[in-house]
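**Q** Coordinates for the following, if possible.
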Amino acid sequence: MAHDGIFCTSDEITNKIGTYNTTTWAEADINALCLQCEAIINSMCKYNFSDNYASLNADYKHILSDAESCWCAATIIASDLLSYKTQREAETMLDWLWTNWTRDIEILQDKIYQDKINAV
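**A** Presented below is the predicted three-dimensional model:
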């Protein structure tokens with residue numbers, strides 16, 4: 001099955017999961033995670049990035065890619081903490097991914113607000 005995610009690739013997600021996670025997720029499951037994440041991002045930012053993706057500049061696309069891959073990787077890691085050498089290692093990865101996700105969402109929300117103000 002081909003990857004259906006708009007904002008990021010499966011490789012970006014698996015790279016953030018790390019080498020110790022042995023969980024094998026089918027592409028269909030990763031696609032479902034990506035669709036969930038895209039809906040969450042669109043809702044949190046009150047802007048439909050998915051429908052307008054082709055018109056976005058590279059900055060938006062990179063931030064969206066990082067946000068989606070962090071959220072999906074964190075979901076996969078949380079589903080199988082025992083794949084890591086220690087639970088602490090998995091928790092540290094989750095902390096790092098969550099920090100990046102939060103930063104990305106804040107940037108997207110702020111940028112949209114700035115663009116709306118500048119358009120007036």
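
**Q** Just give the number of residues close to residue 37.
**A** Using other C-beta atoms under 10 Å, residue 37 has 25 other residues around it. All C-beta atoms are positioned from the backbone trio N, CA, C, and that covers glycine.

**Q** same check, this time on residue 70
**A** Neighbour count of residue 70, defined by other C-beta under 10 Å: 26.

**Q** Low-confidence ranges, the protein, go.
**A** Low-confidence segments of the chain (pLDDT under 70): 1-4, 20-23, 112-114, 116-120.

**Q** Repeat the analysis, applying 90 as the threshold.
**A** For the chain, the stretches with pLDDT under 90 are 1-6, 10-11, 14, 17-30, 46-47, 52, 55-60, 79-87, 110-120.

**Q** Would you map the strands across it?
**A** Using DSSP state E, the chain contains no strands.

**Q** okay, which residue is most central for this structure?
**A** residue 68 (1.3 Å; C-alpha atoms, centre = their mean).
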